[in-house]
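Undergrad: Quick check, what structure comes out for this input:
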Amino acid sequence: MQLLIIRHGDPDYSIDSLTEKGWKEARLLADRLSRLNIKDFYVSPLGRAKDTASLTLERMNREAVELPWLQEFFRAAIARPDAEGRTIAWDWLPQDWTVEESFYDKKKWQDTPVMQDSTIAQEYKWVTEGLDALLAEHGYIRSGNCYHVEKANTDKIVLFCHFGVECVMLSHLLGISPMVLWHGFCAAPTSVTTVNTEERRKGIASFRVSSFGDISHLYAADEPASFQARFCECYGKEGERVD
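TA: Reported below is the predicted structural model:
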């Protein structure tokens, strides 16, 4: 089985939709996906993901199943020591969180004081249990850190969602702390992450990423990638810097 995890197009967060550029990116994404034999489509309940999916679904005359747990991973706000109030868990200055070794551990990251003072464990469980239930529907049942193959297949499954929740899913499939993925990887708008099952022993499958954040559909059309989700390469670039 192959999972195609897709981040929404360049967002207009004020209206939970897409910018003009985002709609163009979504059209180019539809050009790419419409050439594939897709078994099923799934989509976040948020507008920017649904709008991104809409052009592909219209092109292919298909529908997507809406999954609540595919929404962006922002419900479990944390009290960062360097910020006022509560903020999303996946936007934290690296010089602060990296000093705590537990954040690199696939289990211990949830046990740190900052994470314990939030509902992040429950939210993480909600997403990962939702993912495992979906995979079970398609023939792959979680067993320890691998998956029991009940019905081997080469189906392509598309999930239109968001960067934060994408990293949560990948952390569960790969056994990696999401902190490493949230802060060490960047998925540009309409990027496609491809994850394949590998059944090296009969009846036992694991998931392996063959590409992360691929935006070749944009490059093919000479469309530059959006800067969304990135931070400036040099501190002096004031227009790109978000502290």
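Undergrad: Do a quick rundown of the helices in the chain.
TA: 20-33, 47-60, 94-97, 113-116, 120-137, 163-174, 178-184, 216-219 (DSSP state H).
Undergrad: could you point out where this structure is predicted with low confidence?
TA: Counting by pLDDT under 70, the ranges of the chain that qualify are 238-243.
Undergrad: wait, what's in contact with the residue nearest the centre of the chain?
TA: Centroid-nearest residue in the chain, with C-alpha atoms, centre = their mean: E166, separated by 1.5 Å. Listed by C-beta atoms under 8 Å, 6 or more residues apart in numbering, the contact partners of E166 are 5, 7, 187, 193. For the C-beta atoms, the positions are set from N, CA and C on the backbone; glycine is no exception.
Undergrad: can you list the helices of the chain in JSON lines and add distance to I88?
TA: Shown next, in JSON lines, are those (distance: least, C-beta to C-beta, whole Å):
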{"stretch": "helix 20-33", "distance to I88": "20"}
{"stretch": "helix 47-60", "distance to I88": "16"}
{"stretch": "helix 94-97", "distance to I88": "13"}
{"stretch": "helix 113-116", "distance to I88": "12"}
{"stretch": "helix 120-137", "distance to I88": "10"}
{"stretch": "helix 163-174", "distance to I88": "7"}
{"stretch": "helix 178-184", "distance to I88": "9"}
{"stretch": "helix 216-219", "distance to I88": "26"}
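Undergrad: so which of these comes closest to A77?
TA: A77 lies closest to helix 120-137 among these, at 8.7 Å (C-beta to C-beta).
Undergrad: which one of the contacts of E166 has the most neighbours?
TA: Counting neighbours by other C-beta atoms under 10 Å, the top entry in the contacts of E166 is R7, with 30 neighbours.
Undergrad: shouldn't that residue be in contact with T190?
TA: Yes: using C-beta atoms under 8 Å as the test, R7 is close enough to T190 to be in contact (6.6 Å).
Undergrad: Tell me who's in contact with the nearest residue to K202 once chain neighbours are set aside.
TA: Spatially, and ignoring its direct neighbours in sequence, K202 is nearest to V149 (7.8 Å; C-beta to C-beta, 6 or more residues apart in numbering). By C-beta under 8 Å, 6+ apart, the contact set of V149 is 139-140, 197, 199, 202-205.
Undergrad: Among those residues, name the buried ones.
TA: 139-140, 197, 205 (16 or more other C-beta atoms under 10 Å).
Undergrad: Please consider this matter closed, and thank you.
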